[in-house]
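>>> structure of the sequence below:
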Amino acid sequence: ENDPQHLLLRSSNSSVSGTKKEDSAAKIHAVTHSSTGEPLVYIPQPPLNRKTCPSSAANSDRSKGKGKYNHRTQSARISPVTSTYCLSPRQKELQKQLEQKREKLKREEEQRKIEEEKEKKRENDIVFKAWLQKKREQVLEMRRIQRAKEI
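Modelled structure (predicted):
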């Protein structure tokens, strides 16, 4: 009764006075009983009629009896002639040429991006130098005005 290994679960079927409802208690199998006769641990029992339970989706597909299933994957059904792993010498050459074209286009694109970045940097430098020159001229003009006021 006071064994720490047992889970002390009170029955939802018991009332405040401790009496059980007989109709639902018959469906539940109790492992251990307390000194009052109330079950401490409940183990649910499987339904009596197994055919009413739905079977798994995989089992229901197979049980329909539509004949033998071909369990080969699609890649295993492809003929070796069309497979990418059995290329003819001509196909290999074409594939090599395509790969070279892709690499060339990729290099050209990278080179174009580098050139664009350099051009942007040159333009930014020119704009910055123009701004700096204008600022210097403003500072010189302010100094001239300040000197003129002092005289």
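>>> looking at this, residue 43 is in a strand?
Yes. Assigned with DSSP: H, G, I helix; E, B strand; the rest coil, residue 43 falls within a strand.
>>> ok, what's across the strand from it?
Counting by DSSP bridges, residue 43 is bridged to residue 29.
>>> longest single helix anywhere in this structure?
helix 89-150 (DSSP state H).
>>> sec struct for residue 86, please.
Going by three-state DSSP: residue 86 is coil.
>>> show me where pLDDT drops low in this structure?
Low-confidence regions of the chain, defined here as pLDDT under 70, cover residues 1-40, 49-84.
>>> repeat that for 90
Along the chain, segments meeting pLDDT under 90 span 1-87, 149-151.
>>> measure residue 134 to residue 111 for me?
Separation of residue 134 from residue 111 (C-beta to C-beta, to the nearest Å): 35 Å. Just so you know, the C-beta spots here come from the backbone N, C-alpha and C atoms, and that holds for glycine as well.
>>> cool, and residue 128?
Using C-beta to C-beta, residue 128 is found at 26 Å from residue 111.
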